[in-house]
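1. Give the three-dimensional model of this entry:
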Amino acid sequence: MTSVKMIFSYNNNEKAVEVPVIPNELPEILQELENEEIVTHTKTLTLLGNKKPRSFSLNLFLPTKPYDFAKDTGIEILNLLGYVTSNKIPMRIVITDGLNELLNIAVSVNNFKYYFDRGENIRCSASFVEYIFATNTQPEESEPLIEFSTVKAQINNTRANISGVNIDGHNLVRARDILEILGIDVGWNAERKRVTADSKLLDIHTEIYNGSAYCYVRDLSDAIGVNIEWDSDNKTVVIRGDT
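-> Purely as a prediction, here's the structure:
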């Protein structure tokens, strides 16, 4: 195992220390899953769950003086474990064999203990669990629920059908349908993205779908000075007044 290296680090290699003596056995990784069992009258069913964070332990020989077989002394490893636990930060363990990366994992220290043997070297054991970094990404906004329909209109004593759209529970009507029924010349201001009525800009909330402008009935009523109401019981646009 002379080509194997084990590096402890924290804060994106702000501090990185190589383990001076590689353990005889590399860590055994424990991967548990959140499976559940459901017992029925006839059989036991298993519900497959998510993976839990991986965990493992290490037994380390940390020399306190130079040895031919050791790359350095081990005091810095012990200091690093003390630092990350005192400051409540994760660390990273990387194990390589030549150009092969055997393990690269961010971990939190579950516990560690150590003692000085008769040669005044440090014997240390530590257990680790995989550290999952929280992300700051915001959930994507869901697309609005859009439903197109044909809406009945009652204009004094005249009945007509106009195009409507329901956006997340809010009803809008096709502005052109209403205005043309009222004999109003309809235009479009491309710069402002607003409907015009007899060349007057209707600066009201406007949604564009399939090339048509949809507005709220009440907004249209106020903009053109005509009494337009929405009869929710009969799902009918009611227009009253001198048209």
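
2. mind listing what's buried in the helix or strand in which residue 162 is found?
-> Residue 162 belongs to strand 158-167 when elements are defined using DSSP states H and E. Buried residues in strand 158-167, counting neighbours by 16 or more other CB atoms under 10 Å, are found at 162-165. Quick note: C-beta positions are derived from backbone N, CA and C, even for glycine.

3. Report all helices and strands that the helix or strand just after it contacts.
-> Going down the chain from strand 158-167, the next helix or strand is strand 170-174, by DSSP H and E. Other elements packing on strand 170-174 under the criterion 3 or more CB pairs under 8 Å, 6 or more residues apart in numbering; DSSP states H and E are strand 158-167, strand 212-215, helix 217-224.

4. Looking at those, which is nearest to residue 177?
-> Closest to residue 177 of the helices and strands packed on strand 170-174 is strand 158-167 (CB to CB; 3.7 Å).

5. Which residues does the helix or strand where residue 83 lies contact?
-> Secondary-structure assignment from DSSP H and E places residue 83 in helix 75-86. Here helix 75-86 makes contact (CB atoms under 8 Å, 6 or more residues apart in numbering) with 8, 10, 15, 17, 19-20, 60, 62, 64, 90-91, 109, 112, 114, 122, 124, 126.

6. list the buried ones in stretch 165-182?
-> Buried-residue list, stretch 165-182, by 16+ other CB under 10 Å: 165, 171-179, 181-182.

7. do stretch 73-93 as well
-> Result for stretch 73-93 [16+ other CB under 10 Å]: buried residues 73-74, 76-78, 80-81, 84-85, 90-93.

8. Ok, stretch 215-231 next?
-> Here stretch 215-231 shows 215-217, 219-221, 223-224, 226, 228, 230 as buried, counting by 16+ other CB under 10 Å.

9. what about it, average pLDDT?
-> Regarding stretch 215-231, the rounded mean pLDDT is 83.
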